[in-house]
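*Asks:* Dropping the sequence and predicted coords here.
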Amino acid sequence: HCGEGSNSHCQYAIDNTTYPIDDPIPTTCVTINVPIEYQITDLNVCFDIVHTFDGDLDIFLTSPMGTIIELSTDNGGSGQNYTCTTFDDEAANSVTTGSAPFSGSFQPETLLSAVDGENALGAWVLCITDDAGGDIGWLNYVCLEFTYDIILPVAFGSFDAVAGDREVTLNWNTPVSYTH
């Protein structure tokens, strides 16, 4: 599978009924819980979808902070499947110029850099909508691959602020401590 690096957080289907993409269930949402605090510097999204008509699919990712990223909407025409497909801002080609079956790396329709600087901690939600009838499919897995800066919790004591000559000086009255 793609997305199995040390900085990846994934959700896998048990079988093809776990995350169906079908007419009776027009939108399937999958939650990927990220239990570690990261300050995101880059995000890639990888997933594997089996579907009989990719042009019917609208695929969006929502961050824990509420940022919505349009990965792919109505791309691929009558072609089938997203096979180990990675969405990466640095990819050579946009998903809008690709063709199904989608395999390899593509730029999403909305840049993933929209979440750069956010804390990755929390529930990320991938939603896939089949916006036309007559076709079926399912999600096999989704992985979020992060490049990040570690957020160090810092506890500051009280401090004094001294302003003068267009400068502000902060003087801490207690030692600064941090945990890692």
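*Replies:* The structure has been received and is ready for your questions.
*Asks:* any idea which element residue 143 lies in?
*Replies:* Using DSSP states H and E, residue 143 maps to strand 137-150.
*Asks:* mind listing the strands for the protein?
*Replies:* Applying DSSP state E to the chain gives strands spanning 8-12, 20-21, 27-34, 38-51, 57-62, 68-73, 82-87, 102-106, 122-130, 137-150, 154-155, 159-164, 167-172, 177-178.
*Asks:* Just name whatever secondary elements the fourth one is in contact with.
*Replies:* It stands for strand 38-51. strand 57-62, strand 82-87, strand 122-130, strand 137-150 (3 or more CB pairs under 8 Å, 6 or more residues apart in numbering; DSSP states H and E). Where C-beta positions appear, they are placed from N, C-alpha and C, glycine not excepted.
*Asks:* How far does that strand sit from its chain's centre?
*Replies:* Mean C-alpha position of strand 38-51 versus that of the full chain (CA atoms, centre = their mean, to the nearest Å) differs by 4 Å.
*Asks:* before we move on, what about the second one?
*Replies:* In terms of CA atoms, centre = their mean, the centre of strand 20-21 is set 19 Å apart from its chain centre.
*Asks:* any weak-confidence spans in the protein?
*Replies:* Scanning the chain with the threshold set as pLDDT under 70 gives 1-6, 150-180.
*Asks:* still on that earlier bit, can you give me the buried ones in the strand holding residue 143?
*Replies:* For strand 137-150, the neighbour count (16 or more other CB atoms under 10 Å) marks 137-146, 148 as buried.
*Asks:* Please apply the same query to stretch 82-102.
*Replies:* 82-89, 91, 95, 98, 100-102.
*Asks:* Could you do stretch 67-85 as well?
*Replies:* Buried residues in stretch 67-85, counting neighbours by 16+ other CB under 10 Å, are found at 69, 71-73, 75-76, 79-85.
*Asks:* which of those residues sit farthest apart?
*Replies:* The largest separation in these, counting by CB to CB, is between 69 and 80 at 23.7 Å.
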